[in-house]
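Colleague: Need coordinates for the following:
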Amino acid sequence: MKRNISVFILLILLASSYKYRTKATESIQPHLTSLQPVHEVAAADHSLNEAIGKMQQANLDLAHGNDSLAKALWSRKDDVTMFTGHAADTGKGWESVETALKLSSKQIVGANTYIFEKIGGSSGAEQAHLVQTEQYGFPNGKTVNFQATILFRKEGGEWKIIHRHADKLTSIRKPDKTSR
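Modeller: Next up, the predicted model:
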């Protein structure tokens with residue numbers, strides 16, 4: 001447990017130290033049309049980029065009320081965690097994560113656009129992390145913005161999400177492009 005907390009703190013420190021941001025990648029429903037690969041990932045391991053692409057599609061699906069893809073991407077092991085910035089939405093273990101997914105998706109249901117911007121990420125043979133901002137746009141012009149840190153672990157040859165920490169941002173730099 002202490003090791004997991006230490007790794008999480010290290011990742012937060014790494015994420016906050018990045019001074020560059022990559023160009024925003026956008027999506028128009030219902031499909032993500034262009035995804036920027038995680039450049040730090042070894043060229044031989046395209047499966048992580050595929051998992052990240054599925055995760056971005058799952059985020060858009062959550063906005064449309066469908067959580068099946070998001071659930072499929074998560075590990076079912078007891079050590080998975082999800083922190084959403086609200087004490088009630090924090091949990092350890094698959095059942096807690098599943099509940100937190102349902103609660104956090106209520107904030108974005110009805111969004112018609114989803115834009116994400118990679119802040120940073122890296123990958124090892126068995127673990128990887130991604131830090132990104134996420135913006136959900138609604139037909140009335142309002143947006144909901146998050147900064148998220150996602151940890152992945154390879155299980156049975158597939159990348160699975162083992163942790164997500166998302167905080168709602170009160171202000172965010174306006175993206176270069178918008179989608180409607």
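Colleague: looking at the protein, which helix or strand is least sure?
Modeller: One helix or strand of the chain scores below all others by mean pLDDT, DSSP states H and E: strand 25-28, with a mean of 36.
Colleague: Surely L103 is in contact with T84?
Modeller: Yes. Between L103 and T84 there is a contact under C-beta atoms under 8 Å: 7.4 Å. Any C-beta I mention is one placed from the backbone N, CA and C, and that applies to glycine too.
Colleague: Of the two, give the one with the bigger neighbour count.
Modeller: When L103 and T84 are compared on other C-beta atoms under 10 Å, the one with more neighbours turns out to be T84, at 21 against 14.
Colleague: what element comes up after the least confident helix or strand of the chain heading to the C-terminus?
Modeller: helix 47-63 (DSSP states H and E).
Colleague: Next, the residues that contact the helix or strand just after that next one from outside, please.
Modeller: Downstream of helix 47-63, the first helix or strand assigned by DSSP H and E is helix 68-73. Outside helix 68-73, the residues that touch it by C-beta atoms under 8 Å, 6 or more residues apart in numbering are 51, 54-55, 57-59, 61-62, 98, 101, 105, 160-161.
Colleague: could those residues be laid out in CSV, adding pLDDT and neighbour count?
Modeller: Listed next are the contacts of helix 68-73 as CSV, based on pLDDT from 0 to 100; neighbours: other C-beta atoms under 10 Å:
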residue, pLDDT, neighbour count
A51, 94, 21
K54, 96, 19
M55, 96, 22
Q57, 95, 19
A58, 94, 21
N59, 93, 23
D61, 92, 19
L62, 90, 24
E98, 90, 17
L101, 85, 20
S105, 81, 18
K160, 97, 18
I161, 97, 23
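Colleague: Columns distance to N145 on top of those, output as TSV?
Modeller: Below are the contacts of helix 68-73 laid out as TSV (distance: C-beta to C-beta, whole Å):
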residue	distance to N145
A51	23
K54	22
M55	17
Q57	19
A58	18
N59	13
D61	19
L62	15
E98	24
L101	19
S105	16
K160	26
I161	20
